[in-house]
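Trainee: Sharing a model that was predicted from the sequence below.
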Amino acid sequence: MLEHLTIETFKDKVFNFEANKEWKFEGDAPCVIDFYADWCGPCKMVAPVLEELQGEYGSKLNIYKVDTEAQGELAAMFGIQSIPSILFVPKDGKPQMAQGALPKETFEQAFKEVLGVTKE
């Protein structure tokens, strides 16, 4: 089961925006954040793909979910206007946002190119 982030857990695991003005990743492994809503059809298509990928990649990366309905302030901070929106967060460097229901192969390519993570 993927972990759902609130503003508090987001500050602990991804970015403490209250303590830092510049981007500073707080996590110990690269992460992916799925901004979604329960009523969103494409979001429901992405969810099992992300569950499967978390199982395949294990501790090499963390996949989190943010419910844009419950965590509106967090979604607003990232300017989320369409869902699903997927934020790829490398350990070093700036995060990159992608939008839409991405296929598994696209996630794997982004894990490799943006996050520097492979299954092997």
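Mentor: In hand now; what should we look at?

Trainee: roughly how far out does stretch 19-27 sit from the chain middle?
Mentor: Offset of stretch 19-27 from its chain centre (Cα atoms, centre = their mean, to the nearest Å): 16 Å.

Trainee: What residues sit buried inside it?
Mentor: Within stretch 19-27, the residues scored as buried using 16 or more other Cβ atoms under 10 Å are residue 25. For every residue, glycine as well, the C-beta is placed using N, CA and C.

Trainee: what are the ranges of the strands in this protein?
Mentor: 3-4, 31-36, 62-67, 85-89, 96-99 (DSSP state E).

Trainee: Among those strands, show me which one is buried the most.
Mentor: strand 31-36 (a mean of 24; mean count of other Cβ atoms under 10 Å).

Trainee: Mind checking the pLDDT average for stretch 80-94?
Mentor: Stretch 80-94 shows a mean pLDDT of 94.

Trainee: Let the chain start at 23 from now.
Mentor: Renumbered: residue one is now 23, and that last one reads stretch 102-116.

Trainee: My read is that residue 106 contacts residue 121, right?
Mentor: Yes - taking contacts as Cβ atoms under 8 Å, residue 106 lies within contact range of residue 121: 7.3 Å.
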